[in-house]
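Trainee: sequence below, structure please.
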Amino acid sequence: MSSTEESKTNNNWDLTPSISPYLDRHMLFPLLEYLEERAGTLGYDPKEVAASRLTLLEPTNMVDYAISSSGSTPDLEAKKAKIYEELTTLQKECAPLDQLCKNENERTTLAAASQWTIGGICNAYPDVDPDMVPAYLKLAKYNYECGDYEAASERLSHYISFFASPPPPPPPPQEDEDGFIIEQPQSNNKNDNNKDDIGNPSIYYLKTVQLDMLSVLWGKLAAEVMRQEWEAAIVAVDAVKLAIEALVGSHQMTPLQGLQQRSWLLHWSLFCYWNVPASGLEQMVDLFHSELAPSLSLFCYWNVPASGLEQMVDLFHSEKYKQAITTNAPHLIRYLTAAVLLCKRRKQQSKSNSSSDRRLMKNLINVMQDCEYSDPIVQFVHCICVKFDFDGAQQTLLECESVLRNDFFLCKQTSLFMEEARVFVFEHYCRIHNKMELKTLGETLAMNPVEAEKWMVDLIRNASDNLDAKIHDGCVVMGSSGTQSIYEQVLDRTKDLNMRSATLVQNFSSMMSDARKEKAKQLAKAMRAMEE
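Mentor: As a prediction, the model looks like this:
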């Protein structure tokens, strides 16, 4: 394939045009920067990509980013001066409240007295006016529009806390005469820490959520994503997810609006979950299969290297999220497929139930059949699990590597995916073959014979006890260490035949005896009835 044809093919699999409508304008800049770096491979003109990025910058207040990208101009300098003037005005409108929020000691004191509310703050500080609260929120939004994501996140957190109902802080530790901390007894009074007075911890301790607060939660999530604080972004994803369901459940949002919100959520969250070391892809699959949200998740989930797979798969497989995928975002099946394949491997490494693995793949195939979308990654799993076409899987596996390297969210996982895909092919190939030539196996795995032999040796060496195989005379022989002859198999299956036969006879005799007794009772009853 020529470089021109390859670029055209890669361009066909580029999902940037499909994903972009579901992303915030600020989130598009990393995607466009990545496209600009790989423009030649994807068949784009680098100058056109750069021009598109600058066009996208024009409506924003990110003048510093624009100047660094295209150079300083009189128009940009004038715009910068105007933006700083507006920013200064907003800061003055809510200066007392802003200063109070920055004072950690004052915040802690008011929170301990349950006075960290708009009313409590205004009573304690007369210079703080309730009209400053909307101005404070406007300032946070303006920070985000200027690209100051750190300040935006901090101010949005404070704004949310004005309406939150967290549990009271624990009492300070007390020391005895020797300086040892006295353990405080737990109170049995059910009125202490009344749960009715505490908000939902998964939504920043908010008791209720209105539409305007949902917008704040979206802003909080966007700020955490852009500042690349993935742990905080995952918390924000959960908050947005629960807020959407609460609003749909209370009829403040129509089911169609809820579907659209879930579509956004799935795209954004892919990015953050892939960056969290402790819980990534499982949560993404959970989200896509759960009963609750697709688009926001792209930016979250695909940055987590290890352990969120199972939860993410479950969420993706839920009915409501499946509706979001099949209706609005069938292209997300690519990311779900990649996550399921990696999740399946981790489940096996943790020695989970094999039936769970089969159900995982079955649910994925069901979603595939409902989506009118396909690419080499999706086709690869379809060839293996549906068509059992190993030749087709071999061809699509070669294409998968190119698709992965050119995908903004999957590029870091190319090597891992290819390794897991080869293991996936090998597992299914072994189900129908007991002996395989290394040459044939290498062709099936898109590897040359030398690479295939080295890969197979490493696989056998590092595998669990379940892999019973060896390499002999240029072939991979399965079940090499424990192969039984037909005679041994017959003996194993009939060694307890006498015991089973005796048990069967005993059960049959007992059943016949019970039947005779019952028949005798019925006959005696009938005789008594006739005598009467």
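
Trainee: and Tyr476, what helix or strand is that in?
Mentor: No Tyr there; residue 476 is Val. strand 475-478 (DSSP states H and E).

Trainee: for that strand, C-alpha coordinates in CSV please.
Mentor: Provided in CSV are the C-alpha atoms of strand 475-478 (Å, rounded to 0.1, in the frame of the first residue of the first chain):
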residue,chain,number,x,y,z
CYS,A,475,5.0,-26.8,16.2
VAL,A,476,3.0,-25.7,19.2
VAL,A,477,1.5,-28.8,20.9
MET,A,478,-1.4,-28.3,23.2
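
Trainee: contacts for that strand?
Mentor: 430, 433-438, 441, 456, 468-471 (CB atoms under 8 Å, 6 or more residues apart in numbering). For every residue, glycine as well, the C-beta is placed using N, CA and C.

Trainee: gap between that strand and the chain center?
Mentor: How far strand 475-478 lies from its chain's middle: 38 Å, per CA atoms, centre = their mean, to the nearest Å.

Trainee: give me the buried subset of the contacts of strand 475-478.
Mentor: Among the contacts of strand 475-478, those classed as buried by 16 or more other CB atoms under 10 Å are 430, 436, 438, 441, 456, 469.

Trainee: lowest-confidence entry in those residues?
Mentor: Across these, the smallest pLDDT goes to Ala469, namely 68.

Trainee: among the buried ones among the contacts of strand 475-478, which lie within helices?
Mentor: 430, 438, 441, 456 (DSSP state H).

Trainee: can you tell me which helices and strands the longest helix that the chain contains packs against?
Mentor: Counting residues, the longest helix in the chain under DSSP H turns out to be helix 497-531. With contacts defined as 3 or more CB pairs under 8 Å, 6 or more residues apart in numbering; DSSP states H and E, helix 497-531 has no packing partner among the helices and strands.

Trainee: any chance of TSV for the buried ones among the contacts of strand 475-478, columns distance to Leu270?
Mentor: Formatted as TSV, these follow (distance: CB to CB, whole Å):
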residue	distance to Leu270
Cys430	33
Met436	37
Leu438	38
Leu441	34
Met456	33
Ala469	36
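
Trainee: report the two of the residues you listed separated the most.
Mentor: Maximum pairwise distance among the buried ones among the contacts of strand 475-478 (CB to CB): 13.8 Å, between Cys430 and Leu438.

Trainee: how far off centre is whichever strand or helix holds Ser153?
Mentor: Assigned by DSSP H and E, Ser153 belongs to helix 149-162. For helix 149-162, the separation from the chain centroid amounts to 25 Å (computed by CA atoms, centre = their mean).

Trainee: what average pLDDT does stretch 86-97 get?
Mentor: On average, stretch 86-97 scores 95.

Trainee: buried residues of that stretch, list them for me.
Mentor: 87, 90, 93-95, 97.

Trainee: can I get the CA coordinates of it in PDB?
Mentor: The C-alpha trace of stretch 86-97 is given here as PDB (Å, rounded to 0.1, in the frame of the first residue of the first chain):
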ATOM      1  CA  GLU A  86     -13.200  42.700  32.400                       C
ATOM      2  CA  LEU A  87     -11.500  40.300  34.700                       C
ATOM      3  CA  THR A  88     -10.500  43.100  37.100                       C
ATOM      4  CA  THR A  89     -14.100  44.300  37.100                       C
ATOM      5  CA  LEU A  90     -15.500  40.900  38.000                       C
ATOM      6  CA  GLN A  91     -12.900  40.500  40.800                       C
ATOM      7  CA  LYS A  92     -13.900  43.800  42.300                       C
ATOM      8  CA  GLU A  93     -17.600  42.800  42.200                       C
ATOM      9  CA  CYS A  94     -17.100  39.900  44.500                       C
ATOM     10  CA  ALA A  95     -13.800  40.800  46.200                       C
ATOM     11  CA  PRO A  96     -14.900  40.300  49.900                       C
ATOM     12  CA  LEU A  97     -16.400  36.900  49.100                       C
END
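
Trainee: how far off centre is that stretch?
Mentor: Using CA atoms, centre = their mean, the offset of stretch 86-97 from its chain centre is 38 Å.

Trainee: contacts for that stretch next, please.
Mentor: 98, 121, 125, 127-129, 132-133, 135-136, 138-139, 142, 146.

Trainee: in ChimeraX, select just the buried ones from these.
Mentor: What follows is the ChimeraX syntax for the buried subset of the contacts of stretch 86-97, where burial is set by 16+ other CB under 10 Å:
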select :98,121,128,132,133,135,136,139,142,146
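
Trainee: among the contacts of stretch 86-97, which pair sits farthest apart?
Mentor: Every pair of the contacts of stretch 86-97 checked by CB to CB; the farthest is Tyr125 and Cys146, at 27.6 Å.

Trainee: what is the neighbour count of Gly71?
Mentor: 8 (other CB atoms under 10 Å).

Trainee: an error on my part: the question was meant for Ala324.
Mentor: 29.

Trainee: ditto for Leu206
Mentor: Here the count is done by other CB under 10 Å, and Leu206 has 24 residues near it.

Trainee: could you give the bridge partners of it?
Mentor: Ala164, Asn200 (DSSP bridges).

Trainee: any stretches of the stretch 151-300 of the chain with poor pLDDT?
Mentor: 171-196, 274-300 (pLDDT under 70).

Trainee: quick one: the strands in it?
Mentor: 174-175, 181-182 (DSSP state E, counting those that start in this stretch).

Trainee: show me where the stretch 1-150 of the chain dips below the pLDDT cut-off.
Mentor: If you take pLDDT under 70 as the line, the stretch 1-150 of the chain has these spans: 1-11.

Trainee: can you map out the helices along it?
Mentor: When assigned using DSSP state H, counting those that start in this stretch, the helices of the stretch 1-150 of the chain occupy the ranges 3-12, 16-19, 25-37, 39-42, 46-57, 63-70, 74-93, 95-102, 104-112, 118-124, 132-145, 149-162.

Trainee: let me have these in JSON lines, extended by distance to Arg422.
Mentor: Formatted as JSON lines, the helices of the stretch 1-150 of the chain follow (distance: least, CB to CB, whole Å):
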{"stretch": "helix 3-12", "distance to Arg422": "22"}
{"stretch": "helix 16-19", "distance to Arg422": "28"}
{"stretch": "helix 25-37", "distance to Arg422": "27"}
{"stretch": "helix 39-42", "distance to Arg422": "23"}
{"stretch": "helix 46-57", "distance to Arg422": "34"}
{"stretch": "helix 63-70", "distance to Arg422": "41"}
{"stretch": "helix 74-93", "distance to Arg422": "51"}
{"stretch": "helix 95-102", "distance to Arg422": "54"}
{"stretch": "helix 104-112", "distance to Arg422": "53"}
{"stretch": "helix 118-124", "distance to Arg422": "59"}
{"stretch": "helix 132-145", "distance to Arg422": "44"}
{"stretch": "helix 149-162", "distance to Arg422": "40"}
